[in-house]
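please find the sequence and the predicted model below.
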Amino acid sequence: MREYTKIWVAVYAAGVMAGILYANLIAQESIMQMGIFAENHLTESVKVCVPGLEYIWYIVRMRLLPLCILTLAGATRWKKTSAVLFFLWTGFLAGVLFCAAVLQLGIKGIFICVLALLPHMPFYVAAYVAILIYLLNYPVVNRWNINKTTGVLILYAIGIFLECYVSPAVLRFALNL
């Protein structure tokens with residue numbers, strides 16, 4: 001597994017680099033016009049209060065979609081290809097996100113992005129790592145079972161709970177500093 005770790009880090013890094021290049025060379029104008037990281041947008045978003053159940057269902061839909069797509073793609077014979085595409089795509093999105101933050105806020109943008117990803121993202125990452133290890137090592141790894149499914153769903157549920165209830169408070173605190 002260790003020899004492959006460098007390969008997968010390189011695949012993810014290639015996705016990040018593609019995202020950075022895309023954000024700087026192709027989409028820089030649209031990123032600057034979006035204003036999602038503009039100071040006034042961030043200040044106003046801290047004040048917005050979304051009804052709890054509506055927000056929870058929004059988060060559930062947004063987080064379960066990629067999980068379902070990866071799971072369905074992993075159920076086909078293209079398990080490793082779907083894992084590679086997942087690594088590339090998430091790297092690409094990370095590159096675009098962090099580049100957009102830096103373009104609009106400078107170094108402060110990286111700080112805000114990292115805070116926006118805590119504390120829920122480690123739980124999502126752990127769930128995806130479990131699935132990706134299975135996909136990348138198939139058929140060597142034991143078959144997928146109910147314990148692995150339960151573990152992934154528990155990690156995802158914890159991530160959703162933290163994203164709905166803890167992450168907004170962390171971000172509000174950070175933006176009010």
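Arrived safely, thanks for sending.

SS state for the residue of the chain positioned farthest from its centre?
Residue farthest from the centre of the chain, counting by Cα atoms, centre = their mean, is residue 140 at 27.5 Å. The assignment at residue 140 comes out as coil when based on DSSP: H, G, I helix; E, B strand; the rest coil.

phi, psi of it?
The phi/psi pair for residue 140 (degrees, to the nearest 10) reads phi -70, psi -40.

now do residue 63
The phi/psi pair for residue 63 (degrees, to the nearest 10) is phi -90, psi -30.

measure it to residue 25 for me?
Separation of residue 63 from residue 25 (Cβ to Cβ, to the nearest Å) stands at 30 Å. To be clear about C-beta, it is placed using only N, CA and C from the backbone, and glycine gets the same treatment.

tell me which of these two has more neighbours.
Legend: neighbour count by other Cβ atoms under 10 Å for residue 63 and residue 25, higher for residue 63 (17 against 8).

check the gap between that one and residue 108 for me.
The value you get for residue 63 to residue 108, if Cβ to Cβ is used, is 26 Å.

same question, residue 165
25 Å.

cool, residue 60 as well?
Per Cβ to Cβ, residue 60 is found 31 Å from residue 108.

how about residue 9?
27 Å.

low-confidence ranges, this structure, go.
1-3, 39, 41, 43, 45-47, 50-51, 142, 177 (pLDDT under 70).

kindly list the longest helix within it.
Ranked by residue count under DSSP state H, the longest helix found in the chain is helix 79-105.

and that helix, what's buried?
79, 82-92, 94-105 (16 or more other Cβ atoms under 10 Å).

same check on stretch 49-68?
Residues 56, 59, 63, 67 are the ones in stretch 49-68 that count as buried (16+ other Cβ under 10 Å).

could those be laid out in CSV, adding distance to residue 4 and secondary structure?
Shown next, in CSV, are the buried residues of stretch 49-68 (distance: Cβ to Cβ, whole Å; DSSP: H, G, I helix; E, B strand; the rest coil):
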residue, distance to residue 4, secondary structure
56, 37, helix
59, 32, helix
63, 27, helix
67, 23, helix
